[in-house]
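Asks: quick one: sequence plus predicted model below, questions after.
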Amino acid sequence: MKTIVCIEPGVLEQRVVEKPSAHAGEVLVKIRSIGVCGTDIHAFGGNQPYFQYPRVLGHELSGVIDAVGEGVDLPIGASVYIIPYIHCGKCVACRKGKTNCCTDIEVLGVHRDGGMAEYLTVPSSAVVVTDGLDFNDMAIVECLAIGAHAVRRADIGPEDTVFVQGAGPIGIGAAQFAKSTGAKVIISDILEEKLAFCKDEYGLDGVVDATKDIHQQLSDLTDGEFPSVIMDCTGNVHAMESTFTNLAHGGKIVFVSVIKKQICFSDPEFHKRETTLIGSRNATVEDFEHVVQSLKDGKVKSGALITHTGKFSEFVDLFPLWANPDSGVIKAVIEMDI
Ligand SMILES: [Zn+2]
Ligand SMILES: [Zn+2]
């Protein structure tokens, strides 16, 4: 079968390898659509802290069950999406249901080979049979689940004013799920056209131009009270550090994006607000189910998120173009054509 390998930062190569087979407890999935994620772009750029090379990228995956291993009772030919976080089920986090931050977590396409391939075997617990969504939507359930998880972590409700920093696919997902709780939602970005798009498409309450004075714009939009929740989806150290002084008293900061650097903040600023600082990593099965239901109910939209699609056979050439910030890509999806 054909697979696409990231040999080292900046180098992708199509290779032919042996088709895997499903062992006991596993499912062999014939991949149909692959979402391209910030994680893939960071890995390609050499900026993903948990990444080892060479690696087959791709963790936003949908497909059909091609074969099952011994002891697996799932229908051949069923449409599935894949939960790409393989967890141990035994560690201190897993025992509390926090499988998203398992001490031995292996994320497909990060810690072990992912799904930029014709076929992939995964534990049967990692596939969810789903009807009523197309393969491209199913491939971006994982991306939306990151935002859904972050919103759940912050326990957002109608009384909140939420400021989402960064209008990439994760930020747009987080903004949509925050909005669906009834909260007021403001989003920022450095690209003006992205902000106009988000405000119109998702009915958000305000936009902040991140190239100008963010503190002043937030003050103006909130009558000087500032947002009660700030969700950072930028992966930018300055943006992350600015959250400590842009937050309402009694508020919560959620760091959704991950960076390789140290974050510094002023303790007096942190303490006077009685700030709650929350890390948000990956998502759990509950978040995936919430996303699928929200897509089916039309509470969140995927269509406008997927700005680019391409064919698997052309991906080695397309990806460097998509990885360029000037490409206008919000979310790209690869469709299997071989
Ligand atoms: Zn992703
Ligand atoms: Zn575990």
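Replies: Thanks, I have the structure now. Ligands and ions are numbered 1, 2, ... in the order given.
Asks: contacting residues around the residue of the chain at minimum distance from ligand 1?
Replies: Residue of the chain nearest ligand 1, by C-beta to the ion: Cys37 (3.1 Å). Yep, even glycine has a C-beta here, placed from its N, CA and C like the rest. Taking C-beta atoms under 8 Å, 6 or more residues apart in numbering, we find Cys37 in contact with His59, Glu60, Glu142, Cys143, Pro169.
Asks: make sure the third one is indeed in a strand.
Replies: No: when classified by DSSP: H, G, I helix; E, B strand; the rest coil, Glu142 is found to be helix rather than part of a strand.
Asks: show me the contacts for it.
Replies: Taking C-beta under 8 Å, 6+ apart as the test, what Glu142 contacts is Gly35, Cys37, His59, Glu60, Leu61, Tyr81, Ile82, Ile83, Pro84, Ala283, Phe288.
Asks: export those to a markdown table and tack on secondary structure, pLDDT and distance to Ile156?
Replies: Formatted as a markdown table, the contacts of Glu142 follow (DSSP: H, G, I helix; E, B strand; the rest coil; pLDDT from 0 to 100; distance: C-beta to C-beta, whole Å):
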| residue | secondary structure | pLDDT | distance to Ile156 |
| --- | --- | --- | --- |
| Gly35 | strand | 96 | 24 |
| Cys37 | coil | 86 | 23 |
| His59 | coil | 95 | 26 |
| Glu60 | strand | 96 | 24 |
| Leu61 | strand | 97 | 28 |
| Tyr81 | strand | 96 | 25 |
| Ile82 | strand | 97 | 27 |
| Ile83 | coil | 95 | 23 |
| Pro84 | coil | 95 | 25 |
| Ala283 | coil | 96 | 15 |
| Phe288 | helix | 96 | 19 |
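Asks: for those residues, which one is nearest Glu118?
Replies: Of all those, the one sitting nearest Glu118 is Leu61; the distance, using C-beta to C-beta, is 12.0 Å.
Asks: please name the bridge partners of that closest one.
Replies: Ile34 (DSSP bridges).
Asks: contacts only, for it.
Replies: 29, 31, 33-35, 81-82, 84, 108, 114-115, 120, 139, 142.
Asks: all the helices of this protein, residue numbers only.
Replies: 38-45, 92-95, 135-139, 141-154, 169-180, 192-202, 214-221, 237-242, 267-272, 285-297, 315-323 (DSSP state H).
Asks: give me phi/psi at the residue of the chain closest to ligand 1?
Replies: phi -120, psi 160 (degrees, to the nearest 10).
Asks: going forward, begin numbering at 641 instead of 1
Replies: Sure thing, new numbering starts at 641, so read that last one as Cys677.
Asks: which residues touch the closest residue to Ser859 other than its chain neighbours?
Replies: Closest residue in space to Ser859, ignoring its immediate chain neighbours: Phe866 at 6.8 Å, by C-beta to C-beta, 6 or more residues apart in numbering. By C-beta under 8 Å, 6+ apart, the contact list for Phe866 reads Leu858, Ser859, Asn886, Leu887, Ala888, Gly891.
Asks: tally of neighbours for Lys901?
Replies: Using other C-beta atoms under 10 Å, Lys901 has 10 neighbouring residues.
Asks: that one contacts Ala879, doesn't it?
Replies: No: counting by C-beta atoms under 8 Å, Lys901 does not reach Ala879; the two are 11.9 Å apart.
Asks: if any of the contacts of Glu782 are buried, put those into a ChimeraX selection.
Replies: Of those, the buried ones go into a single ChimeraX selection, burial set by 16 or more other C-beta atoms under 10 Å:
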select :675,677,699,700,701,721,722,723,724,923,928
